[in-house]
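Visitor: Quick one, structure for this:
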Amino acid sequence: MIDIKILRENPDLVRENIKKKFQDHKLVLVDQVLELDVKNRQAIQRGNDARKEKNELSQKIGMLMREGKKDEANELKARVGQINKELIDIEQQEADYAAAIKERMMKIPNFLHESVPIGKDDSENVEVKKYGEPVVPDYEIPYHSDIMERFCGIDLDSARKVAGNGFYYLMGDIARLHSAVLAYARDFMISKGFIYCIPPYMIRSDVVTGVMSFEEMDAMMYKIEGEDLYLIGTSEHSMIGKFKNEILQKADLPYTMTSYSPCFRKEKGAHGIEERGVYRIHQFEKQEMIVVCEPEDSYDWYDKMWSYTVELFRNLDVPVRTLECCSGDLADLKSKSVDVEAWSPRQKKYFEVGSCSNLTDAQSRRLGIRIKGENGNYFAHTLNNTVVAPPRMLIAFLENNYNEDGSINIPEKLRPYMGMTEKLIPKK
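Guide: Coordinates of the predicted model:
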């Protein structure tokens, strides 16, 4: 959510930002907010005037009562009663206008960073840099679920019976590999100075609307029936929510935290044949990182955060590239975002395995996360980034460490989490 002062003083700047995101249908929101804001401030002024008059009359009533002028005092009391009734209506108007303004402000996108490329959708995202050589071996790489089946490591049929499509059983070496990657990612981030955290897996609606747009909420979140609780789609949601309505001390900043959690997503819509298996699913586990910091430090942290993901994947012998997200591909709260994509030697292309985003003060304004300053409090900046999200990461790992005989190499960094195993041998 942007600062309403900017919208008042420079509405054309807000309109231009909306156009850059190809959301022209939201242009009407600017005029609606401006109109409601005028009415709201008028109502506030009427309320202030009425309260001032009430206070002045109350003082006069006290004076008249002390002077024994009860009739005059009673006349003023009647006026105070009338003012009280007027204030009920005025305060309701204030509340209604404030709610209507907030509803519309929540739909206006955050300001894009000046470096964000302008484009309509993810097809216009811009490659930044490749890390590692994308190799295509001279032998066939099977589909990832076929590789897992050779290790007796996946059971999708049983999962369908138990939970439906979009769920899975991982077993044996594949399940162990899954857990090993998460454990390595945890320790990797701790080595970078991040505090490890296991957060709540459910959050209230006021946190959901604080961390994401309404469109994302509808497309992603599972609601707990009969309760004001949602299953998290990523631990970033509850991690940022941890700071809701807090005033942070400058000496404590930045907060750098890495969190483990299961994640739950609706994943609406059809996604194509390359997304069978465990590429796009309703339940997965993830290691995440978040930063809450001073506004002037947020883009330094942004560059550090995505570089950590690149480093981790390279430590596991997976080539990756970074992709700058264009304006039309950015969610409304994001000011700038970069995707990390892993190389798929089977498909001979890259695919997304993580995303790093700077949301500047958009989440902080919604959640009331402020920093105590010498000249008044101000909003913090928040950032989030995927460290690793198996089982999608397993796809990249298995394909890039697959040998012609069907065995899987275990990179040196991961061996301590796999009982010092150097190679996995298929069962069939």
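Visitor: what about the strands in the stretch 101-250 of the chain?
Guide: 126-131, 154-155, 169-170, 195-197, 202-203, 222-223, 230-231, 247-248 (DSSP state E, counting those that start in this stretch).
Visitor: Where does the prediction get shaky in the stretch 251-400 of the chain?
Guide: 268-276 (pLDDT under 70).
Visitor: Not counting its neighbours along the chain, what's nearest Thr256?
Guide: Excluding its sequence neighbours, the residue lying closest to Thr256 (CB to CB, 6 or more residues apart in numbering) is Phe194, at 4.8 Å. In short, each C-beta sits where N, CA and C put it, glycine included.
Visitor: if I look at the one you found, how far off is Phe284?
Guide: According to CB to CB, to the nearest Å, Phe194 and Phe284 sit 21 Å apart.
Visitor: again, but for Leu112
Guide: 29 Å.
Visitor: For the two, indicate the residue with more neighbours.
Guide: More crowded of Leu112 and Phe284, by other CB atoms under 10 Å: Phe284, with 22 against 19.
Visitor: Go ahead and list the helix or strand containing Ala50.
Guide: Taking DSSP states H and E as the definition, Ala50 sits inside helix 27-66.
Visitor: and that helix, what other elements does it pack with?
Guide: Packing partners of helix 27-66 (3 or more CB pairs under 8 Å, 6 or more residues apart in numbering; DSSP states H and E): helix 4-9, helix 11-20, helix 70-105.
Visitor: Determine the set of other helices and strands touching the longest one.
Guide: In terms of contacts (3+ CB pairs under 8 Å, 6+ apart), helix 70-105 is packed against helix 4-9, helix 27-66.
Visitor: In the first one, which residues are buried?
Guide: Using 16 or more other CB atoms under 10 Å as the burial criterion, the residues of helix 4-9 that qualify are Ile4, Leu7.
Visitor: How about stretch 78-96?
Guide: In terms of neighbour count (16+ other CB under 10 Å), stretch 78-96 has its buried residues at Ile83, Leu87, Ile90, Gln93, Glu94.
Visitor: from those residues, which single one is nearest Ser344?
Guide: Ser344 lies nearest to Glu94 out of the buried residues of stretch 78-96, by CB to CB, at 55.7 Å.
Visitor: Tell me who's in contact with the residue lying closest to that closest one once chain neighbours are set aside.
Guide: Closest residue to Glu94 apart from its sequence neighbours, by CB to CB, 6+ apart: Ala43 at 4.9 Å. By CB atoms under 8 Å, 6 or more residues apart in numbering, the contact set of Ala43 is Ile90, Gln93, Glu94, Tyr97.
Visitor: So the first one sits against Gln45, correct?
Guide: No. Under the criterion of CB atoms under 8 Å, Ile90 is not in contact with Gln45, lying 9.7 Å apart.
Visitor: And for this protein, the residue most distant from the center?
Guide: In the chain, the residue that sits farthest from the middle, by CA atoms, centre = their mean, is Gly68; the gap is 65.5 Å.
Visitor: so how many other residues sit close to Gly153?
Guide: Gly153 has 24 neighbouring residues, counting by other CB under 10 Å.
Visitor: now do Met212
Guide: Around Met212 there are 26 residues (other CB under 10 Å).
Visitor: which stretches of the stretch 101-250 of the chain have low pLDDT?
Guide: Using pLDDT under 70, nothing in the stretch 101-250 of the chain is flagged.
Visitor: try 90
Guide: Scanning the stretch 101-250 of the chain for pLDDT under 90 picks out 164-166, 212-220.
Visitor: all helices for it, in order.
Guide: For the stretch 101-250 of the chain, helices defined by DSSP state H, counting those that start in this stretch occupy the ranges 144-150, 156-162, 172-191, 205-211, 214-220, 236-241.
Visitor: Can you say which of those helices is nearest to Thr382?
Guide: Thr382 lies closest, by CB to CB, to one member of the helices of the stretch 101-250 of the chain: helix 236-241, at 5.5 Å.
Visitor: Contacts for the closest one, please.
Guide: The contact list for helix 236-241, computed with CB under 8 Å, 6+ apart, reads 197, 199-201, 203, 207-208, 210-212, 232, 257, 259, 261, 288, 290, 292, 363, 367, 369, 382, 384.
Visitor: filter these to the buried ones?
Guide: 197, 199-201, 203, 207-208, 210-212, 232, 257, 259, 261, 288, 290, 292, 363, 367, 369, 382, 384.
Visitor: Please tell me how far stretch 53-63 is from the chain's geometric centre.
Guide: In terms of CA atoms, centre = their mean, to the nearest Å, the centre of stretch 53-63 is found 52 Å from the chain centre.
Visitor: and that stretch, what's its mean pLDDT?
Guide: Here stretch 53-63 scores 91 as its mean pLDDT.
Visitor: in it, what counts as buried?
Guide: Under the neighbour-count criterion of 16+ other CB under 10 Å, stretch 53-63 has Lys54, Leu57, Lys60, Ile61 buried.
Visitor: From those, pick the one nearest Ser123.
Guide: Lys54 (61.3 Å).
Visitor: need the contact list for the closest one.
Guide: Each residue near Lys54 by CB under 8 Å, 6+ apart is listed here: Val80, Ile83, Asn84, Leu87.
Visitor: Can you add distance to Tyr169 and pLDDT and give the residues you listed back as TSV?
Guide: Output for the contacts of Lys54, formatted as TSV (distance: CB to CB, whole Å; pLDDT from 0 to 100):
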residue	distance to Tyr169	pLDDT
Val80	71	91
Ile83	69	93
Asn84	65	93
Leu87	62	94
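Visitor: Need the residues you listed in a markdown table (columns: distance to Lys19).
Guide: Output for the contacts of Lys54, formatted as a markdown table (distance: CB to CB, whole Å):
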| residue | distance to Lys19 |
| --- | --- |
| Val80 | 51 |
| Ile83 | 46 |
| Asn84 | 47 |
| Leu87 | 42 |
